[in-house]
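Asker: Provide a 3D model corresponding to the input given below.
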Amino acid sequence: MKITGLGTTLVELPIDPPLETSIHDIRSVGCVLTSLATDEGLVGEGYAFTLSSIRLDVIDAMVRSLEHHVVGRDPHDIEAIWADIWRDLNFLGHKGITIIGVSAVDVACWDIVGKAAGEPLHKLWGECRDGVKAYASGGLWLSLGTDELVAQAKDFIEEGFRAMKIRLGKPDIAEDVARVAAVREAIGPEIDLMSDSNQGLTVEHAIELGTQLAPFNLAWFEEPVPYYDFEGHAAIAAALEVPVASGETEYTSHGMQGMIEAKAADILMPDLQRMGGYTEFRKAAALAAEHGIPVSPHIFSEQSLVLCGALANAIYLEHMPWFATLYNEEMKLADGVIAMPEGPGVGFTFDMDAVDNHRIG
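Answerer: Down below sits the predicted model:
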């Protein structure tokens, strides 16, 4: 089997109403949908994305610049392809746009491998579970008032979730505590509640906030300070009983290695596109497992599902609904658990009618 061509399609998915975190104002997400055609008729699919479609053309150019590394190659040779790309990117570096571009190509290669075998990828990698716990991440934003938070939390439970994440980052600690208290009272003690500060706090603020949130039994305290502040993360993790989760903004297994050595997080949250696709994500997760650290993939819900099916140290899938409209298939949620996909490869395929509705240019 040989790859015969690489194609990209740019789409923008509106988010209405706009969302706020401690550092973001999100009005849409833009995606570079990537396809690899083969001489046997199989097509592999992947994508990379950016908030509000900013610099989407840069990501597109990065993905397309990798065409010569895959055309004419057997997609089963993904380790060799990855190594060649890694070498080629040395001059530009192994963080940022370069690795984001690699991710879309890597996922598409693996998608072909699964389709050629007629199996979902988690089966090929070695299945450890047929479903994974999921937390609702598409709500409880910083921009919502307390009454809106409570109503949305109850809606998530009605939808079948048994875990959800609230965003923090108000200037007044008491306001954040009140928001968490209201949601915890509304959902009761049996529902897992995560928090995410989106890198918007100082170390001192985070420690005080985390201390005051202790009575609400949070599953984790996510990204309290800027992702590159390993020392600050470590100080917060040492000071609090609640687990600190972080890592979604770090790149490749080398970034995860640095976080592990610094004791910067109790739970690592690799991001599929910042890892560089499945190939490197699985290495990062294996590295975490060697140190007894659980992982929870960041966003990319449909594409990360097969990872959770094959990684024993994956504890939760982040359910983010932003990209669901692009797919023919839907994730199946029941009693807080999302079932593994049954289709081959990634298990989710782009709905081209939906893609056309959001196409740019």
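
Asker: right, and Thr21 touches Ile166 too?
Answerer: No. The pair Thr21 and Ile166 fails to qualify as a contact (CB atoms under 8 Å) at a distance of 11.1 Å. Yep, even glycine has a C-beta here, placed from its N, CA and C like the rest.

Asker: what's the overlap in contacts for those two?
Answerer: With contacts defined as CB atoms under 8 Å, 6 or more residues apart in numbering, the residues adjacent to both Thr21 and Ile166 are Asp196.

Asker: out of these two, which sits in the more crowded spot?
Answerer: Applying other CB atoms under 10 Å to Thr21 and Ile166 shows that Ile166 carries more neighbours, namely 25 against 19.

Asker: in a helix, that's where the more buried one is, yeah?
Answerer: No. Counting by DSSP: H, G, I helix; E, B strand; the rest coil, Ile166 falls outside a helix, being strand.

Asker: dig out what it forms beta bridges with.
Answerer: With DSSP bridges as the criterion, the beta-bridge partners of Ile166 are Ser195.

Asker: so it is in contact with Ala181, correct?
Answerer: No. The pair formed by Ile166 and Ala181 falls short of the contact definition of CB under 8 Å, at 10.8 Å.

Asker: for the record, mean pLDDT for the lengthiest helix in the chain?
Answerer: Among the elements of type helix in the chain, defined by DSSP state H, the one spanning the most residues is helix 97-117. The pLDDT scores in helix 97-117 average 98.

Asker: give the next helix or strand downstream of it.
Answerer: For helix 97-117, the following helix or strand on the C-terminal side (DSSP states H and E) is helix 121-125.

Asker: packing partners for that following helix?
Answerer: The contact analysis (3 or more CB pairs under 8 Å, 6 or more residues apart in numbering; DSSP states H and E) places helix 121-125 against helix 97-117, helix 301-310.

Asker: buried sites along the longest strand seen in the chain?
Answerer: The strand that spans the most residues within the chain, counting by DSSP state E, is strand 3-20. Using 16 or more other CB atoms under 10 Å as the burial criterion, the residues of strand 3-20 that qualify are 3, 6, 8-13, 19-20.

Asker: I'd like those residues as TSV, with distance to Ala312 appended.
Answerer: Putting the buried residues of strand 3-20 into TSV (distance: CB to CB, whole Å) gives the following:
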residue	distance to Ala312
Ile3	32
Leu6	34
Thr8	35
Thr9	35
Leu10	37
Val11	35
Glu12	37
Leu13	33
Leu19	33
Glu20	36
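
Asker: between those, which is nearest Met269?
Answerer: Each of those was checked against Met269 using CB to CB; the closest is Leu19, at 18.7 Å.

Asker: surely the closest one is in contact with Ser143?
Answerer: Yes. In this structure, Leu19 sits in contact with Ser143. The criterion is CB under 8 Å, and the distance is 6.5 Å.
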